[in-house]
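Asker: Below are the sequence and a predicted model; questions follow.
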Amino acid sequence: MPGGRLTQQERQQVALGLADGLAYAEIARRLERPTSTITREVMRNGGPGSYRADLAHRATERRVHRRRRAAPARGPQAPPQADDGRDAEAVREYEETFTTVVMESGVPKMMARVLTALCLSDAGSLSAAELVQRLQVSPASVSKSIAFLENQGLVRRERDERRRERYAVDDDVWYQSMLASARGTAQLADTARQGVGVLGPDTPAAARLANIARFLDVITEAIIRAADEAREILHANTEATKSEATPPPGGTATPRPDDG
């Protein structure tokens, strides 16, 4: 499988694939590249509707040139490490990939960057000041992004021990987001049903709206059921893990079968 940056010929193949309506996964398969590489390549260069191979290639060359100018001259060395011992470059690349995939789901770029920063933080929460510093954006951009994500049920506000406001993501936030999505789908179904009476039950348009309502009813029920089941399974697994890790009073933890 080829490694490193895409070549100009590969970018031309990406452009041809997009013009033919191919999915990112199919383009990636043909180029023997990870799907995330193709997704990131397209989203950072205008999106599927505006991607041009020549412009994308020149933009990449400019980014590489800027990095080389900014980097001090030094001999071969190990990849840069963050304070926590992680490969800083690998983390940066993954953060970019995660952001791109979130954008693909319909989240605007700035909001996707904020959500990614929260998901990738070990604490699972960051203050507005920390987001500003981490993303190098204005406080207004962070505030607007948080308002959007909160409206989607993707983040929640909390206070730390110093009463400072922080923004958090966790498993329950994703559960609440799924419920918010289900509520929106249910509202659309109700609105479609209202149109049946307005347009007349015997008209083609009313029949179409009735089918839309029935379809969305099934989807709504499926989302809620799946979210509830996933939450229960996750909660049960978490409790089991805690139980295994906590020794009984006056004794030691019961070894699992694979503990020997």
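Answerer: Thanks, I have it.

Asker: Centroid-nearest residue for the chain?
Answerer: Centroid-nearest residue in the chain, with CA atoms, centre = their mean: V102, separated by 3.2 Å.

Asker: name the element it belongs to?
Answerer: Counting by DSSP states H and E, the element that carries V102 is helix 88-104.

Asker: export that helix as CSV, just CAs?
Answerer: Extracted in CSV, the C-alpha atoms of helix 88-104 (Å, rounded to 0.1, in the frame of the first residue of the first chain):
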residue,chain,number,x,y,z
ALA,A,88,2.7,14.8,18.2
GLU,A,89,2.6,14.5,14.4
ALA,A,90,0.5,11.3,14.5
VAL,A,91,-1.9,13.0,16.9
ARG,A,92,-2.2,16.1,14.6
GLU,A,93,-2.9,13.9,11.6
TYR,A,94,-5.5,11.9,13.5
GLU,A,95,-7.2,15.1,14.7
GLU,A,96,-7.4,16.3,11.1
THR,A,97,-8.9,13.0,10.0
PHE,A,98,-11.4,13.0,12.8
THR,A,99,-12.4,16.6,12.0
THR,A,100,-12.9,15.7,8.4
VAL,A,101,-15.1,12.8,9.1
VAL,A,102,-17.2,14.8,11.4
MET,A,103,-17.6,17.5,8.7
GLU,A,104,-18.7,14.7,6.3
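
Asker: Please identify the buried residues of that helix?
Answerer: By neighbour count with 16 or more other CB atoms under 10 Å, helix 88-104 contains the buried residues E96, T97, F98, T99, T100, V101, V102, M103, E104. Where C-beta positions appear, they are placed from N, C-alpha and C, glycine not excepted.

Asker: And for stretch 105-123?
Answerer: Buried residues in stretch 105-123 (16+ other CB under 10 Å): V107, M110, M111, A112, R113, V114, L115, T116, A117, L118, C119.

Asker: which stretches of the chain have low pLDDT?
Answerer: 1-4, 63-84, 238, 240-260 (pLDDT under 70).

Asker: For it, which segments count as helices?
Answerer: 8-19, 24-31, 35-43, 53-70, 88-104, 109-120, 128-135, 139-151, 171-199, 204-245 (DSSP state H).

Asker: For A222, grab the count of nearby residues.
Answerer: 12 (other CB atoms under 10 Å).

Asker: Quick check: the gap between it and L149.
Answerer: 24 Å (CB to CB, to the nearest Å).

Asker: one step back: want to try a markdown table for the buried residues of stretch 105-123, with distance to L179 as columns?
Answerer: Listed next are those as a markdown table, based on distance: CB to CB, whole Å:
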| residue | distance to L179 |
| --- | --- |
| V107 | 18 |
| M110 | 25 |
| M111 | 19 |
| A112 | 21 |
| R113 | 25 |
| V114 | 21 |
| L115 | 18 |
| T116 | 22 |
| A117 | 24 |
| L118 | 19 |
| C119 | 19 |
